[in-house]
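*Asks:* kindly return the folded structure for what I paste below:
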Amino acid sequence: MLDLCGLRKLICDINETENHMKRELGLTVNEASILCVLSDGVHKNTQIAKKMNLSVSRVSRLTSAVEKKGFVLREVEDADKRGICFYLTDKGDTALYELNNCKSCLPSYIEKAIKEGVETNE
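*Replies:* Numbers count the residues shown, from 1 in each chain. Next comes the predicted model:
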């Protein structure tokens, strides 16, 4: 059975988390997710899009946004001058560290659900 009131609370809490991230770091959830994916060793738009389940055009806009904010660096591949890779800058590393160590970013019930989901997917 779908608990619409519970779903609405979850959406509101996630929106509040994103507002906190915007205030503190200037990042949306999707922009922060780009940093996470890059830290996992994924560096090309097509790979990022697949990992995030987003279109390549959406990822292109997101990578451009975080690049303009100084969180990532764009580099042209040596082997294929058409290939572009993205890498975290020191600012991106710092932001990712702050996000991963934020104790008040998410309500505890969401933290618990994420942790349980990660543990069952490994």
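*Asks:* what number of residues lie near Thr46?
*Replies:* 11 (other C-beta atoms under 10 Å). C-beta: built from backbone N, CA, C; applies to glycine.
*Asks:* can you tell me the closest non-neighbouring residue to it?
*Replies:* Val56 (5.8 Å; C-beta to C-beta, 6 or more residues apart in numbering).
*Asks:* confidence score at that neighbour?
*Replies:* Residue-level confidence at Val56 comes out at 94, pLDDT.
*Asks:* how would you label the one residue sitting closest to the centre of the chain: helix, strand or coil?
*Replies:* In the chain, the centroid-proximal residue (C-alpha atoms, centre = their mean) is Ser33; its distance is 0.8 Å. With DSSP: H, G, I helix; E, B strand; the rest coil as the basis, Ser33 sits in helix.
*Asks:* isn't it right next to Asn53, touching?
*Replies:* No: the pair Ser33 / Asn53 is not scored as a contact, 10.3 Å apart, by C-beta atoms under 8 Å.
*Asks:* now Val56: how far from Glu31?
*Replies:* Distance of Val56 to Glu31, given as C-beta to C-beta, to the nearest Å: 16 Å.
*Asks:* again but with Ser108, I slipped
*Replies:* Distance from Ser108 to Glu31, by C-beta to C-beta: 24 Å.
*Asks:* which residue ranges form the strands in the protein?
*Replies:* 72-76, 84-88 (DSSP state E).
*Asks:* could you dump the ones you listed into CSV with mean neighbour count, distance to Asn101 and mean pLDDT added?
*Replies:* Shown next, in CSV, are these (neighbours: other C-beta atoms under 10 Å; distance: least, C-beta to C-beta, whole Å; pLDDT from 0 to 100):
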stretch, mean neighbour count, distance to Asn101, mean pLDDT
strand 72-76, 15, 20, 93
strand 84-88, 18, 16, 93
